[in-house]
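> Sequence and predicted structure are below.
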Amino acid sequence: MDCVGPASWTRPGYGAGKGSHGGLRFGWSRGGVVRDKLGGGGVNWRRGRRDAVVRCGGGGERREKSAVIVGAGPAGALLALLLARQDWKVDVFERKQWSDGSWAPGQPDGWNVMLGARAAYCLEEVGLKEDVWGEGVLCSGRTAIAGGGLKPKYQPYGYELLAIPQPKLASVLINTGMRKYSGKVAYNFGWALQSLHPEDSVAEFCPSDESQGSDAQSKIVVRADLVVGADGLHSRTRAELEAKAAGFRSTLHSVPAGRHIRLRVPVDVVGEQVDEAGNRHGPSLLVVARRAKLMWGVPNRDGTMGLTLQGIQGSTAADVSSEMQEAFPELSEFFDADAEASARLAAAPERVQGTVTATSYNYKQTVLLGDAAHSLLNVTHLGAGLALEDCLVLDRLLQSSFQSEDDVTTCISSALSSFSNERIPEMAAAAQLCSEVSRTNMFQVELQRAILRVVTRFIPRIQPWQKAANTQVVSAQQLVKWRAREILIVRVALLFAMVLLLMRAIRLVRLAFKVMTPMAKFLQR
């Protein structure tokens, strides 16, 4: 890996990456002067891009495969494990801070994600399925409350999904990398991508804490064989590609998604939703809709709930308290005007979710993964699984490409092109699916489910697409076809029902005529 100021080295005042690459010898040559240092100790850092050389400790030159991953979320952290397993040297850069095996206090609360069979398959590939499942809560349905005074209605999924905070999922993957691949993967927290030079596969990072400044002395410049952008919906990697890569274009259509906080809720308050003792169905996703406000609650294993609230406008604790007590009286005791939860909710930023599309997911030796490439509306629980699946697909294509006799650069470029060609149609289908589902109201959903339950009694081979999406590893393109088939079945069933009703009505009219005609003749006498 060609570096100026390798991230795995300690520089006083700027923090070290986790998992030093101590066995590599990095050298810079400019104007006949070479400065190098065997891993560890001080080093005179100099800025530069093309003049770095990687040597093995014994002195002979060696070509290493190296990768830089921007973002330590689930997709970036999983890819780091997969590449390290193939003997890559990996540097992961994450703008958020890390402390004692988890995200540092004060970091924004992450979304709760719902994981199904696709995510389970991906995690099983690195032997972490059970570890992740042990950190989450299995939900077999959702509990919906609409309007005031209405009793909760449990709506079963017909399958189970794992609810887990996104930071917790990433933490399991990161801790595994630190423990299992300490010599292969270096994690660098508190560093944000400042600029990307895709023509040269060079990335520049600066401290994410602006108080440290962004002068040349506080930058890390890294050149690697592979640059991966896994930095989320508002990806800086994607923005850099759009600005500097010829022909690369992307779009982001975002919608408000509400404010998110975690709240410790006793079982006796919403026992039906969060504890098996209070709900024979077990833990479930909670949905409450009242007074033009919507609350989603996802149970966590630690006894908290991840709450996402839409329609809350207040900017002060008092305003938020008033809105919450009016719309969600079940939680009123937690949202007094001087309550800590009210202050946190008032300060919580309005989050967005959206759909990202791009003309390509790669440019030369740079590639986008997960939400950075194809964020989806969170209505089908597919997003997290598809992001993790990206990593497996890319890993498979890289291994296949390196079977050829081509040089490293050619192999990587070929694999990334294949990745883009394979995933774009799949993600377009997933985006179409999410868009269509988001436009379907609850009455239509319940009607379709009721009709399908009747149909599947006579044709058991027909499986609802939502169940297939979360219990099988099925392509999004296939799911689109199955959903279209379901809609056709529902329409035919409705048409058949209307025909039966019409025939019934005709029979009743005829019967009425049979009764009324003799009566009319009798009255005319």
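All right, it came through fine.
> Surely residue 159 is in contact with residue 470?
Yes - with contact defined as C-beta atoms under 8 Å, residue 159 counts as touching residue 470 (5.2 Å). Quick note: C-beta positions are derived from backbone N, CA and C, even for glycine.
> When these two are compared, which one has more neighbours?
residue 470 (24 against 18; other C-beta atoms under 10 Å).
> does the more buried one belong to a helix or a strand, and which?
Following DSSP states H and E, the helix or strand that holds residue 470 is helix 465-471.
> packing partners for that helix?
Helices and strands touching helix 465-471, by 3 or more C-beta pairs under 8 Å, 6 or more residues apart in numbering; DSSP states H and E, are helix 117-125, strand 153-165, helix 476-524.
> now the ones you listed in CSV, with distance to residue 292 and mean pLDDT?
Below are these laid out as CSV (distance: least, C-beta to C-beta, whole Å; pLDDT from 0 to 100):
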stretch, distance to residue 292, mean pLDDT
helix 117-125, 33, 96
strand 153-165, 20, 87
helix 476-524, 29, 86
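> For residue 309, find the nearest of these.
strand 153-165 (16.5 Å; C-beta to C-beta).
> which neighbours does the closest one have in its sheet, and in what orientation?
Strand 153-165 sits in its sheet next to strand 112-115 (antiparallel), strand 137-146 (antiparallel), going by DSSP bridges.
> Of all those, which one is nearest residue 240?
Among those, strand 112-115 comes nearest to residue 240, with 26.4 Å by C-beta to C-beta.
> Pull out the buried positions in the closest one.
112, 113, 114, 115 (16 or more other C-beta atoms under 10 Å).
> Closest one to residue 328 out of those residues, please.
residue 112 (17.8 Å).
> Tell me the bridge partners for the closest one.
Where residue 112 sits in a bridge, its partners, by DSSP bridges, are residue 165.
> How about the contacts made by the residue nearest to the spatial centre of the chain?
In the chain, the centroid-proximal residue (C-alpha atoms, centre = their mean) is residue 384; its distance is 3.8 Å. Contact analysis of residue 384 by C-beta atoms under 8 Å, 6 or more residues apart in numbering lists 74, 113, 114, 115, 119, 166, 169.
> what helix or strand is it on?
Following DSSP H and E, one finds residue 384 within helix 383-401.
> residues of that helix that come out buried?
If you call a residue buried by 16+ other C-beta under 10 Å, then helix 383-401 has these buried ones: 383-395, 397-398, 401.
> so which of these comes closest to residue 129?
residue 388 (11.0 Å).
> burial count for the nearest residue to the closest one once chain neighbours are set aside?
Closest residue to residue 388 apart from its sequence neighbours, by C-beta to C-beta, 6 or more residues apart in numbering: residue 122 at 3.8 Å. The local packing of residue 122 (other C-beta under 10 Å) involves 27 other residues.
> And for the one 4 residues further on?
Residue 126: 20 surrounding residues under other C-beta under 10 Å.
> you'd agree it is up against residue 180?
No - if you go by C-beta under 8 Å, residue 126 and residue 180 don't touch, sitting 9.2 Å apart.
> Specify the angle between the helix holding residue 384 and strand 153-165 in degrees.
50 degrees (axes from the mean of the first three to the mean of the last three C-alpha atoms, to 10 degrees).
> can you give me how far the following helix or strand past helix 383-401 is from the chain middle?
Elements were assigned by DSSP H and E; along the chain past helix 383-401, the next helix or strand is helix 408-438. Averaging C-alpha positions (C-alpha atoms, centre = their mean, to the nearest Å) puts helix 408-438 16 Å from its chain's average.
> give me the low-pLDDT residue ranges for this protein?
Within the chain, the stretches with pLDDT under 70 are 1-63, 105-110, 147-151, 210-217, 266-282, 441-443, 525.
> Can you give the domain ranges for it?
As given by automatic domain parsing, the domain ranges for the chain are 2-124+167-249+354-430, 138-157+253-352, 441-525.
> Take the ones you listed and lay them out in TSV including distance to residue 130.
Output for the domains of the chain, formatted as TSV (distance: least, C-beta to C-beta, whole Å):
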stretch	distance to residue 130
domain 2-124+167-249+354-430	9
domain 138-157+253-352	13
domain 441-525	18
